[in-house]
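Output the structure for:
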Amino acid sequence: MSKADSPESWRKTVRLKARMAICRIAPEDAPEHLPELATNLWRTADFLADSTAQADRIAELLRSRLHSEEPWQALQAADVLVRLGRCRADCERALERWMTAAGSRENESEQRSYPRAWAAYVRWRLTGDSAQALPLLMAALRSQDDMPVQAAPDEHGKPIRHSSSDFLISMGLAARPAIPELRQLLWHRYRTVRHDAGRVLRAIAPEELPSVNEGGALSRDRSAPSH
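Modelled structure (predicted):
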């Protein structure tokens with residue numbers, strides 16, 4: 001039995017869901033439950049981000065996480081705080097740190113592609129400035145290393161996975177300046193890059209997808225090397 005499927009994990013999930021339910025039903029009791037919910041941020045982030053009535057207390061609990069050396073902790077905290085409209089300056093500093101962070105020797109590709117892409121996306125949500133976010137997101141999408149990577153366990157202890165294509169799709173119209181490059185990537189040598197570029201275009205600019213007969217390249221795609 002994996003740790004994710006252990007009785008202890010399931011009990012913890014049930015306990016956290018109960019605390020969230022209490023917060024919804026009896027908001028006056030929420031302060032008692034927020035510390036544990038904040039400690040298990042990977043399971044409760046969306047709930048906390050929606051808890052605007054408790055925004056100040058949540059900010060107190062999460063602010064220190066912005067300085068974590070674990071990217072998912074710092075970036076998940078920043079994501080929640082940005083959605084709550086709290087700690088703007090602290091969030092921006094944390095996001096800029098991860099946008100420029102070098103890869104670690106142990107896990108260089110994940111450190112480069114995932115935290116930078118997530119930080120760039122959250123900073124866009126904070127500032128509305130896509131000019132800095134798009135180059136980092138597109139660099140991650142171009143990389144064959146931009147496989148969805150683990151951010152944190154979900155409520156059952158299984159990995160939560162995102163990729164730069166998810167972030168670009170969420171940006172919607174703000175990602176449209178990347179359309180010319182996305183079209184070029186439809187004929188990238190790596191199948192994963194081609195797939196992600198097409199997925200983003202289909203979501204933000206379906207009219208920009210090439211016709212089946214355009215250049216004959218789409219048919220050649222079937223015989224191209226896949227990775």
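
Spatially, and excluding backbone neighbours, which residue is closest to residue 167.
Spatially, and ignoring its direct neighbours in sequence, residue 167 is nearest to residue 121 (3.8 Å; C-beta to C-beta, 6 or more residues apart in numbering). C-betas here are computed from N, CA, C, even on glycine.

isn't residue 20 right next to residue 37, touching?
Yes. The criterion here is C-beta atoms under 8 Å, and residue 20 meets it with residue 37 at 6.8 Å.

Next, show the common contact partners of these two.
44, 47 (C-beta atoms under 8 Å, 6 or more residues apart in numbering).

These two: who's more crowded?
Set residue 20 next to residue 37 and count neighbours by other C-beta atoms under 10 Å: residue 37 wins out with 22 against 19.

so how far is residue 206 from the more buried one?
39 Å (C-beta to C-beta, to the nearest Å).

what number of residues lie near residue 26?
11.

Could you check how far it is from residue 46?
Applying C-beta to C-beta, the value for residue 26 to residue 46 is 20 Å.

Ok, residue 164 next?
Applying C-beta to C-beta to residue 164 and residue 46 gives a distance of 21 Å.

Have a look at the two and say which one is more surrounded.
Between residue 164 and residue 46, counted using other C-beta under 10 Å, the more crowded position is residue 164 (26 against 12).

Confirm for me that the more buried one is in contact with residue 115.
No. Using C-beta under 8 Å, residue 164 is not in contact with residue 115; the gap is 11.5 Å.

Residues in contact with both of these two, list them for me.
Counting by C-beta under 8 Å, 6+ apart, nothing touches both residue 164 and residue 115.

tell me the mean pLDDT for whichever strand or helix holds residue 15?
For residue 15, the host element (DSSP states H and E) is helix 7-25. Averaged across helix 7-25, the pLDDT comes to 91.

buried set for that helix?
Along helix 7-25, these residues count as buried under the neighbour rule (16 or more other C-beta atoms under 10 Å): 9, 12, 13, 16, 19, 20, 23.

Any chance of the residues you listed in CSV with distance to residue 71 as columns?
CSV is the format used below for these (distance: C-beta to C-beta, whole Å):
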residue, distance to residue 71
9, 23
12, 23
13, 24
16, 23
19, 26
20, 25
23, 28
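
For the protein, which residues score under the pLDDT cut-off?
Low-confidence segments of the chain (pLDDT under 70): 1-5, 102-113, 144-162, 212-227.

Tell me which residue lies nearest the centroid of it.
The centroid of the chain falls nearest to residue 118 when counting by C-alpha atoms, centre = their mean (4.7 Å).

Make sure that one is actually in contact with residue 75.
Yes. Shown here, residue 118 and residue 75 form a contact pair, counting by C-beta under 8 Å, at 4.9 Å.
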